[in-house]
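Novice: Sequence below, structure please.
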Amino acid sequence: MTAFLRELRLAARALRRAPAFALVAVAVVAVGVGANVLVFSLANALLLRPLPVPDADELVRVGRSTRGARFGTVSYPEYRELRDAGAAGASLDLIAHHPNSAILTAGGEPRPTW
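Specialist: As a prediction, this is how the structure comes out:
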């Protein structure tokens, strides 16, 4: 333990002699830690946490494969047909979405939204 304390005192004296180096070293470590926290937080929020819906492991995406697209969209009549077929006997819910932008006015200020 005394050898560790001796080494720690020696390192502190060396850093006191070169304060610019010490400042740069602390800044580099802080940026590195911050970047790691940011990346892990994003990965945790987007990839590791389950979706906030019941039975999230049973969610599926329905689409149609065509020559031009690996995963094409389903038309609204096809969606209605799938929804009605599911309501007739299977215990499933079906929703549709169409990623499209629009301009909404909230409080007199127009904002683009999806």
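Novice: tally of neighbours for Ala27?
Specialist: 10 (other CB atoms under 10 Å). Any C-beta I mention is one placed from the backbone N, CA and C, and that applies to glycine too.
Novice: Report the separation between it and Ala20.
Specialist: 11 Å (CB to CB, to the nearest Å).
Novice: can you check Gly108 too?
Specialist: 52 Å.
Novice: Sort out which residues of the lowest-mean-pLDDT helix or strand in the chain are buried, please.
Specialist: Lowest by mean pLDDT, DSSP states H and E among the helices and strands of the chain is helix 76-88, with a mean of 77. Across helix 76-88, burial judged by 16 or more other CB atoms under 10 Å covers Tyr79.
Novice: who's in contact with that helix?
Specialist: Val62, Arg64, Val74, Leu92, Asp93, Leu94, Ala96 (CB atoms under 8 Å, 6 or more residues apart in numbering).
Novice: need the strands for this protein, in chain order.
Specialist: 102-106, 109-113 (DSSP state E).
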